[in-house]
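A.B. asks: need the 3D shape of this:
(one chain, ligands or ions: 2)
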Amino acid sequence: MSETAPDCIFCKIVAGEVPADVLGRNDHAVSIKDLNPQAPFHALVISVDHHDNAAASAAADPASVGHLVSLADEVAKASGNGDYRLIANTGAGAGQTVFHTHLHVLGGSSRMSETLV
Ligand code: 5GP
Ligand code: ZN
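C.D. replies: Ligands and ions are numbered 1, 2, ... in the order given. As a prediction, the model looks like this:
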């Protein structure tokens, strides 16, 4: 039985109760297109189980985060040249707005290597 939280938008997307453009999935994660893309390719990789953030998922099951990264790599390779940036916003002060573990997979822009880090 998966862990879920009531009124969590990503739990509802994982359960198929809210529609999304699904790019791929494995036993631990579902990848969808971000509703508000910040790059030419912007996917989310959402954990199947509800935890507040990637660190909480890692604390509960370290291997689960590896499965998120594997799916991110898979969808980035399927949709572009396989070069991408992974972001896991953690905490409201870092821009997290949905408190269910997810990775942003950003790619498709030559400016990607110039910004942030
Ligand atoms: P955060 O700011 O928590 O790191 O990222 C949340 C992301 O989820 C945002 O980029 C936002 O555009 C995306 N998002 C929020 N609600 C939905 C939704 O219902 N469907 C999709 N596809 N993306 C969503
Ligand atoms: Zn959730």
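A.B. asks: low pLDDT regions in this structure?
C.D. replies: Residue ranges of the chain with pLDDT under 70: 1-2, 115-116.
A.B. asks: go again with 50.
C.D. replies: 1 (pLDDT under 50).
A.B. asks: the residue nearest in space to the middle of it bridge partners, please.
C.D. replies: Nearest residue to the geometric centre of the chain (Cα atoms, centre = their mean): Val45, 2.4 Å. Counting by DSSP bridges, Val45 is bridged to Ser31, Leu103.
A.B. asks: now Gly24
C.D. replies: Under the criterion used (DSSP bridges), Gly24 bridges to Ser31.
A.B. asks: isn't it right next to Glu74, touching?
C.D. replies: Yes. Contact status for Gly24 versus Glu74: in contact at 5.7 Å, counting by Cβ atoms under 8 Å. Bear in mind the C-beta positions are built from the backbone N, C-alpha and C, glycine included.
A.B. asks: of the two, who's got more company?
C.D. replies: More neighbours surround Glu74 than the other of Gly24 and Glu74, with 19 against 16 (other Cβ atoms under 10 Å).
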